[in-house]
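**Q** how would this look folded up:
(one chain, ligands or ions: 1)
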Amino acid sequence: MAKRWNNTLTWKDVTPEAAYMNRRQLMTGAAGLAAMSIAGPALAQSNGELEPNTWEEITTYNNFYEFGTGKDDPARNAGQLTTDPWSIKIDGLVDRPGDYSFAQIMEGLDVEERIYRFRCVEAWSMVIPWNGVELQDILDKAGVQSSAKYVAFETLVRPSEMPGVARNVLDWPYREGLRLDEAMHPLTIMATGIYGRDIPNQNGAPIRLVVPWKYGFKSIKSIVRITLTEDEPPTSWNMANAREYGFYSNVNPNVNHPRWSQATERKIGGGLFAKRQDTLMFNGYETEVASLYDGMDLTKFY
Ligand code: MTE
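**A** Coordinates of the predicted model:
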């Protein structure tokens, strides 16, 4: 399947360091011209901003409350999760509802690399090289009906393998939702890998959502159900605290969380004294997604 999305990454961003160095060396040599014609436009856009976090950072500092509320709990406790066999129930307003095995979900789809900024509502951020497929390609398999307006997602609940669900910190299953146009946007992916390896359990194996212009909690992990609905679906963090967490949760430096500012963020891995960086509108994806919210008051629909 052809790529529908061309993002503005540089070769350095999408290429392992060794290959990048080879390419640069190539460009100074006889093959330079040939390499230049491929890498030229991409290199011209290089601003050095999207430096991916390390595997270690991405997989050891995160939130997955089904395995505990500490940042290192997911890495410690998620190893026991059985992710094969896995299936996703797709139901609601679709032509072909049913239980789709992981293989059926992925059949015929190209797994692409997408290097995305990831911005948690807690004001830390990372840059993550995901491998995944566009959500719209999965939804197309089920055949979305014209009356559908929203997509609801649910995470697995398996107490025997998820020590965190014994506590009522959230109303399980973890639930998230998108408006249909957000779900169909080519930036919205279902990730199955990181750095070309299978996605580790603590990051949402075997398949999780990634919506890069929204706060990280929208990117629901280890999904077992996708439901197409006419009405806006309930979402876990909104159910837990509607004043602090809205349905949209678009990254927005101008709308603060009631208890802290969202104007800046700390990129994980920069060290304790690293300079905070400005939060970007829609997490830097404004050109691509701002039109989805034309005419909406984003202070009201936060
Ligand atoms: N999905 C489930 N099922 N449970 C969770 O606790 N945490 C969310 C989101 N998805 C969470 C979840 C939050 S708050 C964040 S910041 C991201 O996952 C973390 O994703 P990462 O591990 O890839 O950094």
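**Q** all contacts plus neighbour counts: C-alpha atoms, from now on.
**A** Will do.
**Q** Break down this protein into its helices, ranges please.
**A** Along the chain, the segments classed as helices by DSSP state H run 11-14, 17-28, 32-44, 55-60, 73-77, 102-106, 135-142, 180-184, 236-240, 286-289.
**Q** Quick one: mean pLDDT for the third one?
**A** For helix 32-44, the mean per-residue pLDDT is 35.
**Q** Same check on the fifth one?
**A** The average pLDDT for helix 73-77 rounds to 97.
**Q** helices or strands up against that helix?
**A** helix 55-60 (3 or more CA pairs under 8 Å, 6 or more residues apart in numbering; DSSP states H and E).
**Q** Out of the helices of the chain, which gets the lowest mean score?
**A** The weakest mean pLDDT among the helices of the chain belongs to helix 32-44, with a mean of 35.
**Q** separation between Pro129 and the ligand?
**A** As for Pro129, its distance to the ligand is 11 Å (criterion: CA to the nearest ligand atom, to the nearest Å).
**Q** do the same with Ala142
**A** The span separating Ala142 from the ligand equals 23 Å under the rule CA to the nearest ligand atom.
**Q** That residue against Asp99, yeah?
**A** No. With contact defined as CA atoms under 8 Å, Ala142 does not reach Asp99; the gap is 10.3 Å.
**Q** between these two, which one's more packed in?
**A** The residue with the greater number of neighbours, taking Ala142 and Asp99 and applying other CA atoms under 10 Å, is Ala142; the counts read 19 against 16.
**Q** Please, where are all the strands along the stretch 201-302 of the chain?
**A** 208-210, 223-229, 264-267, 277-278 (DSSP state E, counting those that start in this stretch).
**Q** Next, see if the second one gets close to the ligand.
**A** No. Strand 223-229 does not reach the ligand (CA under 6 Å from any ligand atom); its nearest approach is 7.5 Å.
**Q** could you check the angle helix 135-142 makes with that strand?
**A** In terms of direction (axes from the mean of the first three to the mean of the last three CA atoms, to 10 degrees), strand 223-229 departs from helix 135-142 by 70 degrees.
**Q** Pull up the gap between the closest residue to Asn201 other than its chain neighbours and Arg276, please.
**A** When the adjacent residues along the chain are set aside, Asn201 lies closest to Ala78, with 5.6 Å between them (CA to CA, 6 or more residues apart in numbering). Here the distance between Ala78 and Arg276 works out to 30 Å (CA to CA, to the nearest Å).
**Q** and these two? which has more neighbours close in?
**A** Neighbour comparison, Ala78 and Arg276: the larger count goes to Ala78, with 22 against 15 (by other CA under 10 Å).
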